[in-house]
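Q: Give me a model of this one.
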Amino acid sequence: MSRRGVRKFTNILALGLSGLATAIGLFFLGAILWTLIKNGLAGISTATFTEMTPPPGNSGGILNAIYGSVAMTLIGILIGAETRDIRCEDNQIEGFATRISDLHGG
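A: Residues are numbered from 1 along each chain as shown. Predicted coordinates for the structure are as follows:
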């Protein structure tokens, strides 16, 4: 077999195995999703989203988890968002990244 033939065979084999692994993974993810939907829809109500998490063994919701997720997201946005300022001398808006690249001669 020529070098090109070996490479073509290896490529087809790798693509086939990758496709098979993807199909197996998607099957199991679909099975988990189906089980979650089938068994979990009965437990969803407005109380799930509007009540605080109770001690173990009592009924309640996930409001504090939702609040925590929203709070962490907003804090992350505030920390990670690029700050803007207006340079008065030429009325041009420049961001932090532009000023840093100017310092490094870029």
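
Q: Name the nearest residue to E51, ignoring sequence neighbours.
A: Spatial nearest neighbour of E51, excluding adjacent residues (Cβ to Cβ, 6 or more residues apart in numbering): G61 at 3.4 Å. From N, CA and C alone the C-beta is placed, and that goes for glycine too.

Q: So what touches stretch 32-48?
A: S59, G60, G61, I62 (Cβ atoms under 8 Å, 6 or more residues apart in numbering).

Q: Just the terminal-to-terminal distance for it.
A: One end of stretch 32-48 sits 21 Å from the other (Cα to Cα, to the nearest Å).

Q: thinking again about what came up before, quick one: which of the contacts of stretch 32-48 sit in helices?
A: Using DSSP state H, no member of the contacts of stretch 32-48 falls within helices.

Q: still on that earlier bit, how many neighbouring residues does the residue nearest to E51 have?
A: Using other Cβ atoms under 10 Å as the criterion, G61 is surrounded by 17 other residues.

Q: State the pLDDT value of the residue nearest to the spatial centre of the chain.
A: The centre of the chain sits closest to T73, judged by Cα atoms, centre = their mean, with a distance of 11.9 Å. If you check T73, the pLDDT there is 94.

Q: Buried ones in the helix or strand harbouring it, by neighbour count?
A: Using DSSP states H and E, T73 maps to helix 63-80. Buried positions in helix 63-80, judged by neighbour count with 16 or more other Cβ atoms under 10 Å: none.

Q: Which strands or helices does it pack on?
A: helix 46-50 (3 or more Cβ pairs under 8 Å, 6 or more residues apart in numbering; DSSP states H and E).

Q: Show the backbone phi and psi for S59.
A: Note on S59: backbone dihedrals following degrees, to the nearest 10 are phi -90, psi 150.

Q: Identify the residues contacting it.
A: S59 makes contact with A47 under the criterion Cβ under 8 Å, 6+ apart.

Q: Can you give me the distance of it to A42?
A: 13 Å (Cβ to Cβ, to the nearest Å).

Q: what does M52 give?
A: Distance from M52 to A42, by Cβ to Cβ: 21 Å.

Q: These two: which is more packed in?
A: M52 (11 against 7).
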